[in-house]
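Visitor: Task: produce atomic coordinates for the following.
(4 chains)
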There are 2 protein chains.
Amino acid sequence: MMMAHAKISDEELFDGLITVFRTFGYEGATMSKLVEATGLERASLYHRFPGGKTEMACAVLECVGERFAENILAPLAKPGDPAKRVAKMAKRTKEFYVGGRLSCLLDTMSVGGDKEQIQECVSRMFKAWFDALQKVSMDAGFKAQEAKQRAEDALIQIQGALVMNRAMNLTRPFGRIMDDLPQLLTGKD
Amino acid sequence: MMMAHAKISDEELFDGLITVFRTFGYEGATMSKLVEATGLERASLYHRFPGGKTEMACAVLECVGERFAENILAPLAKPGDPAKRVAKMAKRTKEFYVGGRLSCLLDTMSVGGDKEQIQECVSRMFKAWFDALQKVSMDAGFKAQEAKQRAEDALIQIQGALVMNRAMNLTRPFGRIMDDLPQLLTGKD
DNA sequence: TGACTTTTACCGATCGTTCGGTATATTTGT
DNA sequence: ACAAATATACCGAACGATCGGTAAAAGTCA
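Guide: I've put the predicted structure just below:
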């Protein structure tokens, strides 16, 4: 509509911000790091996010939520064998976390958690993820309660594997957990 | 042994430091917060930890490692039914994390992770925990490889449940995971 | 007294934030 | 169509506050 040439696109901008926030958490994500990662100067970031660092964090969470919904959660809602759908989702999830070498934004951003606004964003993103998992588990034939528990288990294992990978500098656990996801969410064990 | 006049004991000192580090992570744990939590002034903390914040973080990790080994991991190595030992350990673990309301130091401290020394402490603590779990699983009759996988699963689920609790402000998932631990580590499912 | 702990007072650096101003693009008035 | 006015995007420099850290004095015991 009315754009005076943007130095970088919103997509590129968010790429930089996401990388910093997911790596260093909210407190560790300093303006200097955000400036370096985006290529924009301090004041320019404030032009795009008048609400400052808090708004950046929330915007980053929303952006990741959208990307996650489009690229990872979407396959779960498509027609076809639920197990195959979960396998597709697991594959995309592995890519998203680069095989478990990157942390989850919902984990790193929830450390400290003195900002009400951010905490609310985090729990909302988490809930959306959870709902998508429960739904596919119900598609596989499980009752609401059983599906709920399996979705919870899946989310717990994904988050736990990412923490373990980061803390011990490994990659195998996450890969194994992801490979077992179809069985966990749709299997009759 | 050679203490003239300590305002507070090492135990009390570490209590304060641990609370701050486990709540806010390394970057979020500012000197001001540490001063407030311990009751000692800035310079007094530097007297006890000449290496500064990095040394405090490492000392805190070591301290928690010792407390963890004594109070939580010790029951795992005692004689008796492995399942009962794990149940005891699960009970102590629940208390340690206050039913899942508190975060794990190994999680929050590994966010950011630009300090080599801290990262090394974290992974070492994690390894000790892992080894204790594998050992009790082998006591339950599992071969090394099978026990290894079950220990890994247990650790993943504990960490994942703690992350989920924090991110969604819940407490149930962690409690459920802990109750299922004996089955996971020693059960023949 | 002498060894040890705590404190007051302070340091330079960096934190998140804001200001003043420039360049480019769009809209408006004629 | 052409210039004035408006809006958008950016940047350098600085703000007050707080960061992690240090020196030297004051207090506290054997």
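
Visitor: C-alpha from now on. contacts and neighbour counts both.
Guide: OK.

Visitor: which bits of chain A sit near DNA strand D?
Guide: Contact residues (CA under 7 Å from any atom of the strand) of chain A with DNA strand D: A:2-8, A:39-45, A:47-48.

Visitor: any low-confidence regions in chain A?
Guide: Scanning chain A with the threshold set as pLDDT under 70 gives A:1-4, A:189.

Visitor: In it, which residue sits closest to chain B?
Guide: Per CA to the nearest CA, A:G160 is where chain A lies closest to chain B, at 3.5 Å.

Visitor: buried residues in the host helix or strand of that residue?
Guide: Element membership for A:G160 (DSSP states H and E) is helix A:144-168. For helix A:144-168, burial by neighbour count (16 or more other CA atoms under 10 Å in any protein chain shown) applies to A:147-148, A:150-168.

Visitor: Which residue ranges of chain A form helices?
Guide: Here chain A has its helices, by DSSP state H, at A:10-28, A:31-38, A:42-48, A:52-68, A:74-77, A:82-96, A:105-108, A:116-139, A:144-168, A:172-186.

Visitor: Tell me which of the ones you listed is the most buried.
Guide: Neighbour counts (mean count of other CA atoms under 10 Å in any protein chain shown) averaged over each of the helices of chain A peak at helix A:105-108, with a mean of 25.

Visitor: so A:A167 makes contact with B:T108?
Guide: No: contact criterion CA atoms under 8 Å: A:A167 and B:T108 do not qualify, at 9.6 Å.

Visitor: which ones are touching the closest residue to A:L170 other than its chain neighbours?
Guide: Sequence neighbours aside, A:M164 is the residue nearest to A:L170 in space, at 7.4 Å (criterion: CA to CA, 6 or more residues apart in numbering or on different chains). With contact taken as CA atoms under 8 Å, 6 or more residues apart in numbering or on different chains, A:M164 is in contact with A:L170, A:P173, B:L155, B:I156, B:Q159.

Visitor: Closest one to B:L17 out of those, please.
Guide: Distance to B:L17 across the contacts of A:M164 (CA to CA) is lowest for B:Q159, with 21.2 Å.

Visitor: Return stretch A:171-186 as PDB; C-alpha atoms alone will do.
Guide: In PDB, the C-alpha atoms belonging to stretch A:171-186 read as follows (Å, rounded to 0.1, in the frame of the first residue of the first chain):
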ATOM      1  CA  THR A 171      21.000 -34.800  18.900                       C
ATOM      2  CA  ARG A 172      20.000 -38.500  19.100                       C
ATOM      3  CA  PRO A 173      17.300 -38.400  21.800                       C
ATOM      4  CA  PHE A 174      15.200 -35.800  19.900                       C
ATOM      5  CA  GLY A 175      15.400 -37.800  16.700                       C
ATOM      6  CA  ARG A 176      14.300 -41.000  18.400                       C
ATOM      7  CA  ILE A 177      11.400 -39.300  20.100                       C
ATOM      8  CA  MET A 178      10.200 -37.800  16.900                       C
ATOM      9  CA  ASP A 179      10.400 -41.200  15.100                       C
ATOM     10  CA  ASP A 180       8.300 -42.700  17.900                       C
ATOM     11  CA  LEU A 181       5.600 -40.000  17.700                       C
ATOM     12  CA  PRO A 182       3.200 -41.700  15.200                       C
ATOM     13  CA  GLN A 183       3.100 -44.700  17.600                       C
ATOM     14  CA  LEU A 184       2.600 -42.500  20.600                       C
ATOM     15  CA  LEU A 185      -0.300 -40.500  19.100                       C
ATOM     16  CA  THR A 186      -2.100 -43.000  16.900                       C
END
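
Visitor: contacting residues around that stretch?
Guide: With CA under 8 Å, 6+ apart as the test, stretch A:171-186 has contacts from A:82-84, A:86-87, A:90-91, A:93-94, A:99-101, A:133, A:136-137, A:140-141, A:147, A:150-151, A:154, A:157-158, A:161-162, A:164-165, A:189, B:152.

Visitor: So which of the residues you listed reach DNA strand C?
Guide: The subset of the contacts of stretch A:171-186 within reach of DNA strand C, counting by CA under 7 Å from any atom of the strand, is empty.

Visitor: returning to that earlier point: so the residue of chain A closest to chain B touches B:A154, yeah?
Guide: No: judged on CA under 8 Å, A:G160 makes no contact with B:A154 at a distance of 9.5 Å.

Visitor: Chain A against chain B: which residues are in contact?
Guide: Contact residues, chain A versus chain B (CA under 8 Å from any CA of the partner chain): A:23-25, A:27-28, A:106-108, A:110-113, A:119, A:122-123, A:126-127, A:152, A:155-161, A:163-164, A:166-169, A:173.

Visitor: and the gap between the closest residue to A:P82 other than its chain neighbours and B:P182?
Guide: In this structure, A:P82 finds its nearest non-sequential neighbour in A:A140, 5.7 Å apart by CA to CA, 6+ apart. To B:P182, A:A140 is 28 Å away according to CA to CA, to the nearest Å.

Visitor: rewinding a little: in JSON lines, list the contacts of A:M164 along with distance to A:E55.
Guide: Shown next, in JSON lines, are the contacts of A:M164 (distance: CA to CA, whole Å):
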{"residue": "A:L170", "distance to A:E55": "33"}
{"residue": "A:P173", "distance to A:E55": "34"}
{"residue": "B:L155", "distance to A:E55": "34"}
{"residue": "B:I156", "distance to A:E55": "32"}
{"residue": "B:Q159", "distance to A:E55": "29"}
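
Visitor: is it true that A:M109 touches A:R22?
Guide: Yes: contact status for A:M109 versus A:R22: in contact at 7.1 Å, counting by CA under 8 Å.

Visitor: roughly how far out does stretch A:158-172 sit from the chain middle?
Guide: Relative to the chain's own centre, stretch A:158-172 is displaced by 15 Å; criterion: CA atoms, centre = their mean, to the nearest Å.
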